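Enquirer: Pasting the sequence and the predicted model now:
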Amino acid sequence: MLKIIIDAGHGGTDPGGGSNFFWKEKDLALEISLYQFKRCKELGIQAELTRDKDMFLTPPYRTDLVKKSKAKYCLSNHFNAASDKKARGAEIITSITNDKVLANKMFEEMKKIIPGRRVFDRKNDKDNDYYFMHRLTGDVITFIVEYGFASNDEDVKIIKNSKLQLAESVLKAICEHEGIKYLKPGEKPKEDSMGVEQWKVDNLKYLHDNKMVDQFDGWLKKIDDNMPAWAVFSILANMHKVLTEKK
(Lines give C-alpha, C1' and ligand atoms only; values in the text may rest on other atoms or scores of the structure.)
Protein backbone atom coordinates (compact mmCIF):
# COMPACT_ATOMS: atom_id res chain seq x y z
CA MET A 1 0.00 0.00 0.00
CA LEU A 2 1.26 3.45 -0.89
CA LYS A 3 2.26 5.56 2.10
CA ILE A 4 2.39 9.36 2.16
CA ILE A 5 3.39 11.71 4.95
CA ILE A 6 1.72 15.11 4.83
CA ASP A 7 3.60 18.06 6.27
CA ALA A 8 1.67 21.20 7.17
CA GLY A 9 4.31 23.89 6.87
CA HIS A 10 5.24 26.21 9.75
CA GLY A 11 3.11 26.17 12.93
CA GLY A 12 3.03 27.54 16.47
CA THR A 13 5.26 30.60 16.82
CA ASP A 14 6.10 30.40 13.10
CA PRO A 15 3.08 31.76 11.18
CA GLY A 16 4.79 31.42 7.80
CA GLY A 17 5.65 34.05 5.23
CA GLY A 18 2.66 33.17 3.04
CA SER A 19 0.27 34.96 5.38
CA ASN A 20 -2.00 37.93 4.72
CA PHE A 21 -5.09 39.75 6.03
CA PHE A 22 -7.27 36.68 5.39
CA TRP A 23 -5.12 33.86 6.77
CA LYS A 24 -1.96 32.74 8.47
CA GLU A 25 0.00 30.33 6.32
CA LYS A 26 0.38 27.87 9.20
CA ASP A 27 -3.41 27.60 9.60
CA LEU A 28 -4.22 27.23 5.93
CA ALA A 29 -1.44 24.67 5.47
CA LEU A 30 -2.87 22.67 8.37
CA GLU A 31 -6.41 22.86 6.99
CA ILE A 32 -5.49 21.43 3.60
CA SER A 33 -3.16 18.86 5.18
CA LEU A 34 -5.94 17.52 7.40
CA TYR A 35 -8.19 17.39 4.35
CA GLN A 36 -5.59 15.43 2.37
CA PHE A 37 -5.10 13.06 5.31
CA LYS A 38 -8.83 12.30 5.38
CA ARG A 39 -8.96 11.86 1.61
CA CYS A 40 -5.96 9.52 1.60
CA LYS A 41 -7.84 7.17 3.90
CA GLU A 42 -10.85 7.27 1.57
CA LEU A 43 -8.61 6.49 -1.41
CA GLY A 44 -6.89 3.55 0.30
CA ILE A 45 -3.60 5.39 0.77
CA GLN A 46 -1.76 5.05 4.06
CA ALA A 47 -1.04 8.50 5.47
CA GLU A 48 0.66 10.25 8.37
CA LEU A 49 0.87 13.89 9.43
CA THR A 50 3.86 15.76 10.80
CA ARG A 51 1.41 17.83 12.84
CA ASP A 52 -2.35 17.71 13.35
CA LYS A 53 -2.66 20.91 15.36
CA ASP A 54 -1.08 24.34 15.68
CA MET A 55 2.37 23.54 17.04
CA PHE A 56 5.94 24.53 16.30
CA LEU A 57 8.29 21.91 14.86
CA THR A 58 12.02 22.48 14.66
CA PRO A 59 13.51 21.61 11.25
CA PRO A 60 15.41 18.57 12.67
CA TYR A 61 12.28 17.25 14.38
CA ARG A 62 10.12 17.81 11.30
CA THR A 63 12.55 16.09 8.94
CA ASP A 64 13.11 13.26 11.42
CA LEU A 65 9.37 12.56 11.43
CA VAL A 66 9.41 12.37 7.65
CA LYS A 67 12.50 10.18 7.50
CA LYS A 68 11.24 7.74 10.14
CA SER A 69 7.82 7.46 8.49
CA LYS A 70 9.34 5.35 5.68
CA ALA A 71 6.72 6.86 3.39
CA LYS A 72 7.27 6.91 -0.34
CA TYR A 73 6.25 10.55 -0.68
CA CYS A 74 6.08 13.64 1.50
CA LEU A 75 3.81 16.55 0.62
CA SER A 76 5.07 19.68 2.38
CA ASN A 77 2.22 22.16 2.06
CA HIS A 78 2.86 25.90 1.82
CA PHE A 79 1.58 29.20 0.46
CA ASN A 80 3.88 31.66 -1.25
CA ALA A 81 4.40 35.41 -0.96
CA ALA A 82 6.53 37.99 -2.75
CA SER A 83 7.26 41.70 -2.67
CA ASP A 84 6.19 41.79 -6.32
CA LYS A 85 2.39 41.76 -6.09
CA LYS A 86 2.17 40.50 -9.66
CA ALA A 87 3.93 37.23 -8.81
CA ARG A 88 1.37 34.45 -8.77
CA GLY A 89 0.67 30.80 -9.46
CA ALA A 90 1.40 27.34 -8.14
CA GLU A 91 4.95 26.11 -7.64
CA ILE A 92 6.34 22.68 -6.84
CA ILE A 93 9.89 22.41 -5.56
CA THR A 94 11.64 19.05 -5.84
CA SER A 95 14.97 17.63 -4.80
CA ILE A 96 17.81 18.11 -7.28
CA THR A 97 17.78 14.31 -7.73
CA ASN A 98 14.06 14.11 -8.54
CA ASP A 99 13.00 13.25 -12.12
CA LYS A 100 10.01 15.63 -11.80
CA VAL A 101 7.61 13.24 -13.55
CA LEU A 102 5.13 13.16 -10.67
CA ALA A 103 5.81 16.82 -9.86
CA ASN A 104 4.78 17.80 -13.37
CA LYS A 105 1.62 15.69 -13.14
CA MET A 106 0.67 17.44 -9.90
CA PHE A 107 1.49 20.78 -11.50
CA GLU A 108 -0.77 20.08 -14.49
CA GLU A 109 -3.68 19.16 -12.22
CA MET A 110 -3.17 22.30 -10.12
CA LYS A 111 -3.12 24.43 -13.28
CA LYS A 112 -6.75 23.45 -13.90
CA ILE A 113 -7.59 25.56 -10.83
CA ILE A 114 -4.85 28.17 -10.50
CA PRO A 115 -2.21 29.43 -12.96
CA GLY A 116 1.06 27.52 -12.84
CA ARG A 117 4.34 29.28 -12.19
CA ARG A 118 7.05 26.62 -12.23
CA VAL A 119 8.38 23.22 -11.17
CA PHE A 120 11.97 23.57 -10.07
CA ASP A 121 14.81 22.56 -7.77
CA ARG A 122 17.51 24.60 -6.09
CA LYS A 123 21.10 23.90 -5.05
CA ASN A 124 23.03 25.43 -2.18
CA ASP A 125 26.64 26.59 -2.44
CA LYS A 126 27.81 23.03 -1.76
CA ASP A 127 25.81 21.62 -4.69
CA ASN A 128 23.38 19.92 -2.30
CA ASP A 129 19.66 20.58 -2.01
CA TYR A 130 19.01 24.11 -0.76
CA TYR A 131 15.84 23.27 1.18
CA PHE A 132 16.21 21.23 4.35
CA MET A 133 12.99 19.36 3.57
CA HIS A 134 14.79 17.83 0.61
CA ARG A 135 18.23 17.60 2.14
CA LEU A 136 17.33 15.95 5.46
CA THR A 137 14.38 13.65 4.74
CA GLY A 138 16.36 10.59 3.66
CA ASP A 139 14.81 8.33 1.04
CA VAL A 140 11.36 9.92 1.26
CA ILE A 141 10.60 11.72 -2.02
CA THR A 142 9.61 15.17 -0.83
CA PHE A 143 7.62 17.78 -2.73
CA ILE A 144 7.31 21.32 -1.41
CA VAL A 145 3.94 22.36 -2.80
CA GLU A 146 3.21 26.09 -2.98
CA TYR A 147 -0.52 26.50 -3.67
CA GLY A 148 -0.37 30.13 -4.76
CA PHE A 149 0.65 33.60 -3.57
CA ALA A 150 -0.87 35.20 -0.50
CA SER A 151 0.46 38.50 -1.86
CA ASN A 152 -1.47 38.37 -5.15
CA ASP A 153 -5.13 39.42 -5.18
CA GLU A 154 -6.15 37.01 -7.96
CA ASP A 155 -4.47 34.04 -6.29
CA VAL A 156 -6.07 34.97 -2.97
CA LYS A 157 -9.55 34.82 -4.52
CA ILE A 158 -8.86 31.39 -6.00
CA ILE A 159 -7.34 30.04 -2.79
CA LYS A 160 -10.23 31.30 -0.65
CA ASN A 161 -12.79 29.67 -2.95
CA SER A 162 -10.91 26.55 -4.07
CA LYS A 163 -8.31 25.61 -1.45
CA LEU A 164 -9.67 22.09 -0.99
CA GLN A 165 -9.89 21.55 -4.75
CA LEU A 166 -6.22 22.53 -4.97
CA ALA A 167 -5.36 20.04 -2.23
CA GLU A 168 -7.45 17.42 -4.05
CA SER A 169 -5.70 18.02 -7.37
CA VAL A 170 -2.38 16.90 -5.90
CA LEU A 171 -3.88 13.64 -4.64
CA LYS A 172 -5.55 13.01 -7.99
CA ALA A 173 -2.17 13.25 -9.73
CA ILE A 174 -0.59 10.87 -7.23
CA CYS A 175 -3.36 8.32 -7.76
CA GLU A 176 -2.89 8.51 -11.53
CA HIS A 177 0.88 8.18 -11.21
CA GLU A 178 0.67 5.21 -8.82
CA GLY A 179 -2.13 3.40 -10.65
CA ILE A 180 -4.54 3.87 -7.75
CA LYS A 181 -8.25 4.07 -8.53
CA TYR A 182 -9.21 7.71 -8.03
CA LEU A 183 -12.60 8.48 -6.54
CA LYS A 184 -13.95 12.01 -6.33
CA PRO A 185 -14.96 13.27 -2.88
CA GLY A 186 -18.23 11.59 -1.96
CA GLU A 187 -18.01 9.09 -4.82
CA LYS A 188 -18.62 5.53 -3.68
CA PRO A 189 -16.38 2.73 -4.97
CA LYS A 190 -17.95 0.38 -7.48
CA GLU A 191 -18.69 -3.10 -6.27
CA ASP A 192 -18.30 -6.32 -8.23
CA SER A 193 -21.08 -8.87 -8.68
CA MET A 194 -20.44 -10.25 -5.19
CA GLY A 195 -20.88 -6.82 -3.61
CA VAL A 196 -17.17 -6.43 -2.86
CA GLU A 197 -15.55 -3.02 -3.24
CA GLN A 198 -13.45 -2.96 -6.40
CA TRP A 199 -10.20 -1.85 -4.76
CA LYS A 200 -10.28 -4.97 -2.59
CA VAL A 201 -10.77 -7.15 -5.66
CA ASP A 202 -7.95 -5.34 -7.48
CA ASN A 203 -5.53 -5.92 -4.60
CA LEU A 204 -6.47 -9.60 -4.38
CA LYS A 205 -6.05 -9.97 -8.15
CA TYR A 206 -2.58 -8.39 -7.93
CA LEU A 207 -1.52 -10.88 -5.25
CA HIS A 208 -3.00 -13.77 -7.23
CA ASP A 209 -1.41 -12.70 -10.53
CA ASN A 210 1.96 -12.47 -8.81
CA LYS A 211 1.56 -15.94 -7.26
CA MET A 212 1.41 -14.65 -3.70
CA VAL A 213 -2.01 -16.22 -3.06
CA ASP A 214 -3.81 -19.08 -4.78
CA GLN A 215 -7.50 -19.95 -5.07
CA PHE A 216 -8.70 -16.50 -6.13
CA ASP A 217 -12.41 -17.34 -5.83
CA GLY A 218 -11.93 -18.82 -2.37
CA TRP A 219 -10.17 -15.74 -1.05
CA LEU A 220 -12.76 -13.48 -2.71
CA LYS A 221 -15.59 -15.16 -0.79
CA LYS A 222 -13.90 -14.43 2.55
CA ILE A 223 -12.22 -11.15 1.62
CA ASP A 224 -13.78 -9.28 4.55
CA ASP A 225 -13.13 -12.05 7.09
CA ASN A 226 -10.50 -11.69 9.78
CA MET A 227 -7.32 -13.38 8.57
CA PRO A 228 -5.91 -16.17 10.78
CA ALA A 229 -2.19 -16.26 11.51
CA TRP A 230 -1.58 -19.26 9.24
CA ALA A 231 -2.98 -17.33 6.26
CA VAL A 232 -0.68 -14.39 6.97
CA PHE A 233 2.30 -16.75 7.20
CA SER A 234 1.28 -18.44 3.95
CA ILE A 235 1.12 -15.14 2.06
CA LEU A 236 4.45 -13.99 3.52
CA ALA A 237 6.06 -17.30 2.55
CA ASN A 238 4.75 -17.00 -1.00
CA MET A 239 5.97 -13.41 -1.21
CA HIS A 240 9.42 -14.51 -0.09
CA LYS A 241 9.48 -17.25 -2.73
CA VAL A 242 8.46 -14.84 -5.48
CA LEU A 243 11.03 -12.24 -4.45
CA THR A 244 13.74 -14.88 -4.16
CA GLU A 245 12.97 -16.21 -7.64
CA LYS A 246 13.26 -12.70 -9.11
CA LYS A 247 16.81 -12.21 -7.80
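Expert: Looks like it came in fine. Numbers count the residues shown, from 1 in each chain.

Enquirer: going forward, measure contacts and count neighbours with C-alpha atoms only.
Expert: Fine.

Enquirer: where are the low-confidence patches of the protein?
Expert: Regions of the chain meeting the criterion pLDDT under 70 cover residues 191-196, 246-247.

Enquirer: Please enumerate the strands of it.
Expert: For the chain, the strands defined by DSSP state E cover 3-8, 46-49, 73-80, 90-93, 116-120, 141-149.

Enquirer: okay, now Val232: neighbour count?
Expert: When neighbours are defined as other Cα atoms under 10 Å, Val232 has 11 of them.

Enquirer: Could you do Leu236 as well?
Expert: Taking other Cα under 10 Å as the neighbour definition, Leu236 ends up with a count of 14.

Enquirer: check contacts around it.
Expert: Listed by Cα atoms under 8 Å, 6 or more residues apart in numbering, the contact set of Leu236 reads Met212.

Enquirer: Then Ser162?
Expert: If a contact means Cα under 8 Å, 6+ apart, then Ser162 has Ile113 as its contacts.

Enquirer: cool, and Gly138?
Expert: Taking Cα under 8 Å, 6+ apart, we find Gly138 in contact with Lys67.

Enquirer: Against Phe216, how distant is it?
Expert: Relative to Phe216, Gly138 is positioned 38 Å away (criterion: Cα to Cα, to the nearest Å).

Enquirer: what's the burial count for the closest residue to Arg88 other than its chain neighbours?
Expert: Spatial nearest neighbour of Arg88, chain neighbours left out: Phe149 (5.3 Å); criterion: Cα to Cα, 6 or more residues apart in numbering. Counted with other Cα under 10 Å, residues neighbouring Phe149 total 26.

Enquirer: All set, thanks.
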